[in-house]
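*Asks:* Predicted model follows, preceded by the sequence.
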Amino acid sequence: MAQLATTPGNAMGAPTGLSLKNQVYLPLKRWLLLNFKLDTTYFKQQPDRIWLDRHLYSRLSQLKQGRILFVGCAFYTWESLKLFHKGVDLVTVDIDECNEIWGGDKHLVASILDIDKFVEPHSFDIVLLNGIFGHGVNTPEMQEQTFKALHNILKPDGLLQIGWNHDLITDPTELQLSKDLFYKTAYEGLPQRTTFPDSTHVFDFMRAK
């Protein structure tokens, strides 16, 4: 079952306020881990991470409002959250409660397979789904369930960005349900699909029908 990792508000998926845990304990623990135990150098040098920060998140940082769901949190994604404008309602989600520390001020502990049960329908403008397909959501059936859930929470014509690896799974955008619920698109000068010569990562943009 999904849990709000901040003080819950009146609406599902819309926590309000910050607890002492979020104001003091988690920031201190993050600082200690990043400065004395964990090294993000490897991930920062990967072409997919460079593309996300330099090309996608830099564009999204220009948004001053709207609601974004950032799926999947880890120590190497923490710095990327800082690129988003404070006016954006940024919600992070991860199935592993241990990754709460790497989530944003508004964080959900939940499976993306049924995220539509814990946030309002058609309430998100953008969903960023990287490192999920092929890393837990592996079968076509699980991917279809995810597409359904994300379509339920995205506004009409809402943007879905997917990152996946072509050596781990077959193309999820070619699933019939994906085609039924979403159409492929470019975004702000970025092509519909981005690949890398020395990496198996693939990034796709889609919009909810």
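*Replies:* Here it is on my side, so go on. Numbers count the residues shown, from 1 in each chain.
*Asks:* avg pLDDT for the helix or strand encompassing residue 143?
*Replies:* Assigned by DSSP states H and E, residue 143 belongs to helix 140-153. Mean pLDDT, helix 140-153: 98.
*Asks:* Where does the prediction get shaky in this protein?
*Replies:* 1-18 (pLDDT under 70).
*Asks:* Which stretches in the protein count as helices?
*Replies:* 20, 26-36, 41-44, 47-51, 57-60, 78-81, 140-153, 176-181 (DSSP state H).
*Asks:* quick one: contacts for the nearest residue to residue 106 once chain neighbours are set aside?
*Replies:* Leaving aside its sequence neighbours, residue 106 sits nearest to residue 91 (C-beta to C-beta, 6 or more residues apart in numbering; 4.7 Å). (Glycine included, C-beta is placed from N, CA and C.) Applying C-beta atoms under 8 Å, 6 or more residues apart in numbering to residue 91 gives the contacts 13, 67, 68, 69, 70, 104, 106, 107, 108, 119, 124.
*Asks:* can you list those residues in CSV and add neighbour count?
*Replies:* Formatted as CSV, these follow (neighbours: other C-beta atoms under 10 Å):
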residue, neighbour count
13, 25
67, 22
68, 19
69, 27
70, 25
104, 19
106, 23
107, 26
108, 26
119, 22
124, 25
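*Asks:* Just name the closest of the residues you listed to residue 81, please.
*Replies:* residue 104 (5.3 Å; C-beta to C-beta).
*Asks:* Against residue 88, how distant is the closest one?
*Replies:* Distance, residue 104 to residue 88, by C-beta to C-beta, to the nearest Å: 10 Å.
*Asks:* any idea where the strands of this protein begin and end?
*Replies:* Taking DSSP state E as the criterion, the chain carries its strands at 3-4, 67-71, 89-94, 106-109, 124-130, 154-165, 182-184, 193-195, 201-208.
*Asks:* Pipe those into TSV and attach distance to residue 23 per row.
*Replies:* As requested, the strands of the chain are arranged in TSV below (distance: least, C-beta to C-beta, whole Å):
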stretch	distance to residue 23
strand 3-4	16
strand 67-71	20
strand 89-94	17
strand 106-109	14
strand 124-130	25
strand 154-165	30
strand 182-184	38
strand 193-195	37
strand 201-208	34
